[in-house]
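[1] Quick one, what's the 3D model for this:
(chains A and B, ligands or ions: 2)
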Amino acid sequence: MTVLAATGAGRGLRRRLSRTPLWGAAPGVAFLAVFFLFPVLRLLLLSVQDADGGFSLGAYARAFSTTVYLHVLAITFAIAAETTLISLLAGLPLAYWLTHLPPRRRGPVLLLVMLPFWTSALVKTFAWLIILGRNGVLNRLLLAAGLIDHPLGLLHGRGGVMVGMVQAMLPLAVLTMLPVMLAIDRRLNDAARTLGASSVQAFWRVFFHLALPGLAAAGLLVFISALGYFITPALLGGPHDTMLAQLIITEVQEMMDWNFGGALAVLMVAAALLTCWLYERAFGIASVAGGAALPDPRRPLRRLGLVLLGVTADALSAAGGGIAARLGPRLSGWALPAFCLPVLAFLSVPTMVMLPMGFTSSSFLDFPPPGFGLSWFRMVLASPLWRDALLRSLAVAAATGIVATVTGALAAYAVARQGGRWGGALFALFLAPLAIPRIVVAFGLFTLFARLHLVGTSAGLAIGHAVLALPMVFVTVLATFKGYDWHLDQAAATLGADRRRVLVLITAPLVRSGLAAAFLFAFITSFDELTVAIFVSGGIVTTLPRQMWDDMILQLNPTLAAVSAIVFVIVAAALLVAELLRRAE
Amino acid sequence: MDGSTKAQAAGTAKLVTRGVAKSYGPVAALQPTDLHVGAGELMTVLGPSGSGKTTLLQIIAGLVEPTAGRILIDGNDHTHTPVHRRDIGVVFQSYALFPHLTVAENIGFPLRMRGLPAAELARRVRAALAMVQLGHLADRPPRALSGGQQQRVALARCFVYQPSIILMDEPLGALDRKLREHMQVEIKHLHRESGATILYVTHDQEEALAISDRICLMNQARVEQIGSPRQIYEAPASIFAAEFIGISNVLRGRVGSRTLRTPDGEFALPAVPGGLTSGAPAALVVRPENVQLADSGHGALAGEVVEHVYAGSETRLLLRLASGTVFTLRLPAGVPAPAIGAAVGVRWPDGAAVCVPA
Ligand SMILES: Nc1ncnc2c1ncn2[C@@H]1O[C@H](COP(=O)(O)OP(=O)(O)O)[C@@H](O)[C@H]1O
Ligand SMILES: [Mg+2]
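    Numbers count the residues shown, from 1 in each chain, chains lettered A, B, ... in the order given. Ligands and ions are numbered 1, 2, ... in the order given. Modelled structure (predicted):
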């Protein structure tokens, strides 16, 4: 009897297991397990081994034996923290202003924020190099205007790094906090004002408070991304602005010391995870994905978070009220655009200035270009090195797009269908690549690919890029499923369609614009990706960003401007199409 | 109705549920439920929102796995048959028309799933479109249609592949009253033409009375009463049944010896329901149309007129009894109503009152 009951229950469980939509997530889970979790965990193992594979804490002993590495760690934290602070301070007014624009005008303005977000980090950095350099655009303008006698040293210091980092991170901050702000019921503000709050008070006491989860999520994402940065500090910074990621690259690429590189990577991951943990304690992780979960005031850390933010809001409210009173109502109405328009210019103008440089007739990077010429583009396309790099980048990006879209969309489907506890776990797994700095993922993949003979292959590149693109695909498709009517799937099933045919004939066609947008986001992610390319291309199969990086370290030339223009146009076109598709939903 | 009752008596139930139940964690969405639906019968599942109607329907369709119990179709166990192999048609309240397919493609979808040859498919789609008088809209996308037209497409898509059981979950819920009444007639017509067994969910008691062979009345995740519309209307089994269907006057009290003692007087009971012993709480149910006015001091009850409700073909009179209970009666058009504040008596013929447990 009990045996019978037990097998009956077993059959029921097996049936439920075989029918659950969670299976959709299986390919993505397997992919992430092999190409993300395993390699990252292996770094942890590497860090506590010596060169022969025996247990050893030598790497950590070395990291803490001199102050050199601790100093770099401190610089890394300082730069990441400063970047986060500035991005939040500038991003908050910008996002607030965006929520108040009429939707028709918000679209184009939002594109001005998204474009620098998706523009290759290399292209952006290159733009700053030719603007801020000793012979750069800015110095020439100032000299010509007679405002200075000697060119200013604007680069190769903390200032240059911050300019580059903030330009790269500010869009991320704005795009993260915007959905939360847009979800806030505007009538609450009006209600607060009818209750006697001034507009300044209404903002800080009501709107700001409700926007906090978005603000906190933006801070978290910016901080973690900034921790792993190396392009900007390497090209715009000086010797005192070396960040941890640069050390890791040197250890792995030049010293070939994986164990010590592993230890540095573990330190970076520890810092990132600690930040995530503190954040989770204080605000709850759901808010990263735009769920406006208000902090649960029962937890002590959350209470602390709330109190801190409350005090901040009060102080800013008082200060804001004072300034508004000083300016008078008419001027204070202009304060917001007066602040936001220059910020928007800061985000987009550098790229605009850089773009024409590729069309110069000169052999130097003069600004303004003395004449129009296409010789540099011709040279790029005639050079086997650049042409191969371009073709490989396109092919790898297409492969990345397909792999990431198929696995990520299936996973999003599973989570959207199932929800519940398992859905939550999958959600965390698929967003996890965002929580680990890219450099660590790239390094981990490098150690794995070395064994699988995937270093220096396009397949290796596409796999690595797919890991990085999966969170973006997952979030995009999941958002598409939010408004999906699951009755349609049920109806198709009752009409005789099995699970596969429901997916192919009903679900997929109905979310196709979301899928296409996700594909394009994955494509862009791969197309301008440098970190994985540095580690995995092995110096043999080079991609466009990799080739730009190698050139940029050596010397600036108009070829780079021409390549940058090509990259920019491709990325901008893909982004534009993706945005149009997403709006069409 | 007679045919189906007979079929059921002969044991040819098309659809049987045996103790099917569903709980979501601690919440019981459906208590164990036994149901027999005869072949060709149109049974409505009637109940207030949240009473488990949709859950019952989804379990039968295979869209929700029951926590317990079995589903038999034509005597075969189909509890674990996957949805797409049950050959059950479902009409959803939201219609669930595929927005990326045309009207004709929507209707052809189930035939396509069954691998019908193209010519045969086209012929049957045309016939189905003609049946719901939408032939001229075949190539439109569903969103270009009005609510009533979309509803008809949903019906055609369900009837076109002739499933032997059709489940409808509040199919007319989104239509306005006029259209709803019109569609009720169409559904009855389709039912008669096709001979399909239909389980029809609604929360609208008038709709249930109008179209059902039998009604399955549900309340709080349980079946409250099953019977023909006439049985349920004339002999409700509980206060809930009496109050949910039509307008009822309910006089609560306790059972005496062949009487019911209430604050408004003691009434002789024609029949005491089984299981009600002396002293048990019970109630007398009287339908307003069975009640007549009597002079003050005469009749079974005395009350004071508190309101007139004019409804065209009749006027409803609301009385307040001594206990404070409100009592309704109907005056046909043309009969003068007593003034508000007037003291009146009411009476009803023997057998017009039903005693139910309270
Ligand atoms: N997926 C679900 N999860 C949790 N509770 C549910 C779910 N579906 C239905 N319920 C609960 O079961 C009860 C019956 O629901 P339902 O069958 O939809 O009622 P009806 O169709 O009669 O309005 C309700 O209390 C509802 O809240
Ligand atoms: Mg329902």
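
[2] Following element in sequence after the worst-scoring helix or strand of chain B on mean pLDDT, please.
    Least confident element among the helices and strands of chain B, by mean pLDDT, DSSP states H and E: helix B:2-9 (a mean of 44). Using DSSP states H and E, the next helix or strand after helix B:2-9 towards the C-terminus is strand B:13-24.

[3] Sort out which residues of that following strand are buried, please.
    B:13, B:14, B:15, B:16, B:17, B:18, B:20, B:21, B:22 (16 or more other Cβ atoms under 10 Å in any protein chain shown). From N, CA and C alone the C-beta is placed, and that goes for glycine too.

[4] for the second one, what are its contacts?
    It refers to residue B:14. Neighbouring residues of residue B:14 by Cβ atoms under 8 Å, 6 or more residues apart in numbering or on different chains: B:37, B:38, B:39, B:40, B:41, B:73, B:74, B:164, B:165, B:197.

[5] how far away is the third one from ligand 1?
    Which is residue B:39. 25 Å (Cβ to the nearest ligand atom, to the nearest Å).

[6] Quick check, that residue in contact with residue B:16.
    No. Applying Cβ atoms under 8 Å as the test, residue B:39 and residue B:16 come out as separate, 11.5 Å apart.

[7] Same list, the contacts of residue B:14, but as JSON lines with distance to chain A please.
    Converted to JSON lines, those look like this (distance: Cβ to the nearest Cβ, whole Å):
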{"residue": "B:37", "distance to chain A": "17"}
{"residue": "B:38", "distance to chain A": "22"}
{"residue": "B:39", "distance to chain A": "20"}
{"residue": "B:40", "distance to chain A": "20"}
{"residue": "B:41", "distance to chain A": "20"}
{"residue": "B:73", "distance to chain A": "14"}
{"residue": "B:74", "distance to chain A": "18"}
{"residue": "B:164", "distance to chain A": "13"}
{"residue": "B:165", "distance to chain A": "11"}
{"residue": "B:197", "distance to chain A": "15"}
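
[8] Pull out the buried members of these.
    Buried among the contacts of residue B:14 by 16+ other Cβ under 10 Å: B:37, B:38, B:39, B:40, B:41, B:73, B:164, B:165, B:197.

[9] wouldn't the second one be in contact with residue B:199 here?
    No. Residue B:38 is beyond contact range of residue B:199, at 11.4 Å (criterion: Cβ under 8 Å).

[10] those helices in the stretch 1-150 of chain A, which residues are they?
    A:2-19, A:26-32, A:38-47, A:58-65, A:67-100, A:103-118, A:121-132, A:137-144 (DSSP state H, counting those that start in this stretch).

[11] will you turn the ones you listed into a markdown table that also has mean pLDDT and distance to ligand 1?
    Listed next are the helices of the stretch 1-150 of chain A as a markdown table, based on pLDDT from 0 to 100; distance: least, Cβ to the nearest ligand atom, whole Å:
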| stretch | mean pLDDT | distance to ligand 1 |
| --- | --- | --- |
| helix A:2-19 | 57 | 15 |
| helix A:26-32 | 91 | 24 |
| helix A:38-47 | 86 | 36 |
| helix A:58-65 | 78 | 50 |
| helix A:67-100 | 87 | 34 |
| helix A:103-118 | 82 | 34 |
| helix A:121-132 | 84 | 45 |
| helix A:137-144 | 80 | 61 |
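
[12] Next, residue B:334: secondary structure please.
    Three-state call for residue B:334 (DSSP: H, G, I helix; E, B strand; the rest coil): coil.

[13] From ligand 1, how far out is it?
    For residue B:334, the distance to ligand 1 - Cβ to the nearest ligand atom - is 41 Å.

[14] For stretch A:487-494, which outside residues touch it?
    Counting by Cβ under 8 Å, 6+ apart, A:499, A:501-502, A:505-507, A:510, B:61-63, B:82-84, B:86, B:88-90, B:92, B:94, B:96, B:98-99, B:109 sit against stretch A:487-494.

[15] same deal with stretch B:145-158?
    By Cβ under 8 Å, 6+ apart, the list of residues contacting stretch B:145-158 reads A:495, B:89-92, B:95-97, B:103, B:106-107, B:109-110, B:128-129, B:131-134, B:137, B:142, B:166, B:171-172, B:174-175, B:179, B:182-183, B:186-187, B:190.

[16] What residues sit buried inside that stretch?
    Neighbour counts over stretch B:145-158 (16+ other Cβ under 10 Å) mark B:145, B:148, B:149, B:150, B:151, B:152, B:153, B:154, B:155, B:156, B:157, B:158 as buried.

[17] Could you do stretch B:313-327 as well?
    Buried residues in stretch B:313-327, counted by 16+ other Cβ under 10 Å: B:314, B:315, B:316, B:317, B:318, B:319, B:321, B:325, B:327.

[18] Then stretch A:454-464?
    A:454, A:455, A:456, A:457, A:458, A:460, A:461, A:462, A:463, A:464.

[19] tell me the SS of the second one?
    Taking three-state DSSP as the rule, one finds residue A:455 in the coil state.
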